[in-house]
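Engineer: coords please:
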Amino acid sequence: METQEDKDMKEKKVCFRHIEEMKEFVSAACRCEFDIDVVDDRIVVDAKSILGVLSLSCGQDLHVKYDGTEPHFEEILGKYAVA
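Structural biologist: Numbers count the residues shown, from 1 in each chain. Prediction:
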């Protein structure tokens with residue numbers, strides 16, 4: 001059953017081609033005061049964990065779920081967003 005918290009979550013699909021892009025994403029996520037998850041199939045990692053994000057595959061579509069707003073983070077998400 002979907003909770004109110006789930007309904008408030010924003011979701012974007014992203015794709016990282018290089019490790020440097022993943023590092024940039026994690027750096028932006030670490031500046032945020034809200035929780036951010038990266039989902040790859042059934043694997044969920046904390047977007048603020050460099051080891052967690054680097055454990056995911058480059059070149060694969062990932063889903064980023066978050067529940068806050070921060071301009072720099074939104075800019076980085078837009079940079080790696082896929083349709």
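Engineer: before we move on, which element is residue 53 in?
Structural biologist: Using DSSP states H and E, residue 53 maps to helix 50-54.
Engineer: do the same with residue 11
Structural biologist: Going by DSSP H and E, residue 11 is in strand 10-15.
Engineer: So what's the gap between that strand and the chain middle?
Structural biologist: 7 Å (CA atoms, centre = their mean, to the nearest Å).
Engineer: returning to what we had before: which residues touch the helix holding residue 53?
Structural biologist: Residues from elsewhere that reach helix 50-54 (CB atoms under 8 Å, 6 or more residues apart in numbering): 19, 22, 23, 25, 26, 38, 45, 46, 47. All C-beta spots, glycine's among them, are computed from the backbone N, C-alpha and C.
Engineer: Mind listing residues that contact the next helix or strand after it?
Structural biologist: Per DSSP H and E, the first helix or strand lying C-terminal to helix 50-54 is strand 61-66. Residues outside strand 61-66 that contact it (CB under 8 Å, 6+ apart): 9-16, 32, 34-40, 47, 56, 73, 77, 82.
Engineer: So which bits of stretch 60-68 are buried?
Structural biologist: Within stretch 60-68, the residues that qualify as buried are 62, 64, 65, 66, counting by 16 or more other CB atoms under 10 Å.
Engineer: mean confidence score for that stretch?
Structural biologist: Mean per-residue pLDDT for stretch 60-68: 96.
Engineer: chain center to that stretch, what's the gap?
Structural biologist: Distance, stretch centre to chain centre, for stretch 60-68: 4 Å (CA atoms, centre = their mean).
Engineer: Just want the phi and psi numbers for residue 17.
Structural biologist: When read as degrees, to the nearest 10, the backbone of residue 17 gives phi -100, psi -20.
Engineer: Quick check: it vs residue 80, distance?
Structural biologist: Noted for residue 17: a distance of 9 Å to residue 80, by CB to CB, to the nearest Å.
Engineer: Comparing these two, which residue is more hemmed in?
Structural biologist: residue 80 (18 against 10; other CB atoms under 10 Å).
Engineer: which residue packs closest to that one, ignoring adjacent ones?
Structural biologist: Once flanking residues are discounted, residue 80 sits nearest to residue 14: 4.2 Å by CB to CB, 6 or more residues apart in numbering.
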